[in-house]
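A.B. asks: quick one, what's the 3D model for this:
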Amino acid sequence: MTDEPSARDPVGEDARIESLDERLKALRAREEGRSQPKAGKETDASYRLGNRVLSELLGGVAGGLFLGWLIGHFSGYMALSLMVMLFVGIGVAFRNIIRITSQRPD
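C.D. replies: Presented below is the predicted three-dimensional model:
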């Protein structure tokens, strides 16, 4: 018989393939580390505070416009009531924003 390995036996691994496999594993690990969100408690708190300030500002303006339209609709002074209530809504929004930002962080 012959001393040659049969064709069904696995061929010894090539050093280049092993090296390539190790480099791919290292690159995958580095990419997973890069793609992980790095949001901590401070980032989440800042994001929530920004959203809260934005909602206060938009809500104050929209609420003032709505109340101005409602008052103007029933009183007949549409332009005056819209302008006055818009400024009142902006003032209330700024007051709330100042109150929110002057609070001590948790």
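A.B. asks: nearest residue to the middle of the chain?
C.D. replies: Centroid-nearest residue in the chain, with CA atoms, centre = their mean: Tyr47, separated by 6.8 Å.
A.B. asks: right, and the helix or strand after the helix or strand of the chain with the lowest mean pLDDT?
C.D. replies: One helix or strand of the chain scores below all others by mean pLDDT, DSSP states H and E: helix 15-35, with a mean of 85. Remark: after helix 15-35, the chain's next helix or strand is helix 41-75, criterion DSSP states H and E.
A.B. asks: just for the chain, where's the confidence low?
C.D. replies: 1-13, 37-42, 105-106 (pLDDT under 70).
A.B. asks: report the contact partners of the closest residue to Leu80 other than its chain neighbours.
C.D. replies: Of all residues not flanking Leu80 in the chain, Gly72 sits nearest, at 7.4 Å (CB to CB, 6 or more residues apart in numbering). (Glycine included, C-beta is placed from N, CA and C.) Taking CB atoms under 8 Å, 6 or more residues apart in numbering, we find Gly72 in contact with 78-82.
A.B. asks: now with 6 Å?
C.D. replies: By CB atoms under 6 Å, 6 or more residues apart in numbering, the residues touching Gly72 are 78, 81-82.
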